[in-house]
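1. everything below, folded, please.
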Amino acid sequence: YTWTVSKRNSQERMANTAKLIVDPRKENMRNSVNQTMQGVRQLYSIAQDEDALMEKERAKLKALVDLLSGQMRDLYDQSMQTGNGYGVEEKLKALVKSAHFGERGYFWINDMHNHMVMHPLRPELNGTDLSDITDADGYYPFLSMTEICREQGSGVLRYKWQETAGAVARDRIAYVTLFE
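-> Numbering: from 1, shown residues only. Take a look at the predicted model:
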């Protein structure tokens, strides 16, 4: 009889100890899992929002590039039809150099051999080979641009770029297209 009481008391103490120690740990774990899942859902939502924003930005850039490419095509065709092809390349460069959008948006021309033909904000790059230029993450944006144009004709890419020499590199999105 004494042993049974002792055993029962021992079981009650263990149950009480479990309630004091294990139950709060379970609750903490449950809360941690719930918070983690909430964080995952938020990150997923942000990623979907970022994808939607990226698609919207891509569409906007495509429309702007298509508009400028159309103007370039018209200028080129007019020059060729009138037999005045002389200086058309300089006219095209001037057209692209003058085109801007938004607060910091601009256009540039590089050729299919990775040479900068005209950059409106970084004229020191004009005529230079861009093959070895990397962004802040070690990515080769100009090689990728040429590859996109060669393989797909047009497309979008993300990279980091210094808009002017010595400036902080910023995230950029470019829509590139082949102009022949």
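
2. tell me where the model's unsure across the chain.
-> For the chain, the stretches with pLDDT under 70 are 1-11, 14-25, 43-48, 164.

3. so where do the strands sit in this protein?
-> 100-101, 105-106, 109-110, 116-118, 154-161, 170-177 (DSSP state E).

4. of all the ones you listed, which one is nearest Asp135?
-> For these, proximity to Asp135 was assessed by CB to CB; strand 154-161 is nearest, at 4.1 Å. C-beta coordinates here come from the backbone N, C-alpha and C atoms, glycine included.

5. if we can go back for a sec, could I get the strands of the chain as a markdown table with mean neighbour count and distance to Glu50?
-> Formatted as a markdown table, the strands of the chain follow (neighbours: other CB atoms under 10 Å; distance: least, CB to CB, whole Å):
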| stretch | mean neighbour count | distance to Glu50 |
| --- | --- | --- |
| strand 100-101 | 13 | 21 |
| strand 105-106 | 14 | 20 |
| strand 109-110 | 19 | 27 |
| strand 116-118 | 18 | 30 |
| strand 154-161 | 17 | 11 |
| strand 170-177 | 17 | 11 |
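
6. now the spatially most central residue of the chain. Nearest residue, chain neighbours left out?
-> The residue lying closest to the centre of the chain (CA atoms, centre = their mean) is Arg158, at 3.6 Å. With sequence-adjacent residues excluded and distances taken as CB to CB, 6 or more residues apart in numbering, Arg158 is closest to Ile173, at 5.4 Å.

7. who wins for proximity to Glu27 among the strands of the chain?
-> Closest to Glu27 of the strands of the chain is strand 170-177 (CB to CB; 41.6 Å).

8. partners of the closest one in the sheet?
-> If you go by DSSP bridges, strand 170-177 pairs up with strand 154-161 (antiparallel).

9. so how far is stretch 138-157 off the chain centroid?
-> Going by CA atoms, centre = their mean, to the nearest Å, the spacing between the C-alpha centre of stretch 138-157 and its chain's C-alpha centre is 13 Å.

10. what comes up buried for it?
-> With burial defined by 16 or more other CB atoms under 10 Å, the residues of stretch 138-157 counted as buried are Tyr140, Pro141, Phe142, Ser144, Met145, Thr146, Ile148, Cys149, Gly155, Val156, Leu157.

11. may I have the beta-bridge partners of the residue lying closest to the second one once chain neighbours are set aside?
-> It stands for Pro141. Closest residue in space to Pro141, ignoring its immediate chain neighbours: Tyr159 at 3.9 Å, by CB to CB, 6+ apart. In this structure, Tyr159 bridges to Arg172 when assessed by DSSP bridges.

12. shouldn't Tyr159 be in contact with Ala169?
-> No. Taking contacts as CB atoms under 8 Å, Tyr159 lies outside contact range of Ala169: 9.0 Å.
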